[in-house]
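>>> what would the 3D arrangement of this be:
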Amino acid sequence: MQINHPQTLAEVTAAFARYEQALCSNDVAVLDELFWNSPHTLRYGVGENLYGYDDIAAFRASRLAQGLNRVVLKTVITAYGTDFATANIEFQREGSTKTGRQSQTWVRTPDGWRVVAAHVSLLMS
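Numbering: from 1, shown residues only. Alright, predicted model coming up:
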């Protein structure tokens, strides 16, 4: 298995950048598109545990569209072979001193790269 195959890494990096842009602009349609439409998809958030695509989409539809801008402090994207990757970041919301962390597992599907699992948390210190 090749780690960080250049084309694969470029594809996942582009998908992740598209996700980050959609998140900060609250483009719910793109956010929904980039999560795998499956009951097996999950997202653990700072204050919610979401199991399945439908739960994740419902959360996105009801979330307040304010305070979404953030500064990404560190990004680590790793491709494992040509169909599986992880994207991990550290971030701070604008106006906050707390550091957040986001982990995503990406899989190549027939429809393109999709998040199959995600976790968002805040450091308590």
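>>> tell me which stretches of the protein form helices.
Here the chain has its helices, by DSSP state H, at 6-25, 28-34, 53-62.
>>> in TSV, list these along with mean neighbour count.
Using the backbone N, CA and C atoms, a C-beta is placed for each residue, glycine as well. TSV is the format used below for the helices of the chain (neighbours: other CB atoms under 10 Å):
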stretch	mean neighbour count
helix 6-25	16
helix 28-34	16
helix 53-62	15
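>>> closest one to Thr99 among the ones you listed?
helix 6-25 (16.4 Å; CB to CB).
>>> give me the angle between the closest one and helix 53-62.
Taking axes from the mean of the first three to the mean of the last three CA atoms, to 10 degrees, one finds helix 6-25 and helix 53-62 inclined to each other by 40 degrees.
>>> what sits up against helix 6-25?
Outside helix 6-25, the residues that touch it by CB atoms under 8 Å, 6 or more residues apart in numbering are 27-28, 30-31, 34, 68-70, 72, 75, 77-79, 81-83, 85, 87, 104, 106, 112-113, 115.
>>> list only those of those flagged as buried.
27-28, 31, 34, 70, 77, 79, 85, 87, 104, 106, 113, 115 (16 or more other CB atoms under 10 Å).
>>> ok, which pair from the residues you listed is furthest apart?
Longest span within the buried ones among the contacts of helix 6-25, CB to CB: Val28 and Ala79, 27.1 Å.
>>> the helices of the chain: which one's closest to His40?
His40 lies closest to helix 53-62 among those, at 8.6 Å (CB to CB).
>>> which strands and helices lie in contact with that closest one?
helix 28-34, strand 42-44 (3 or more CB pairs under 8 Å, 6 or more residues apart in numbering; DSSP states H and E).
>>> thank you, goodbye.
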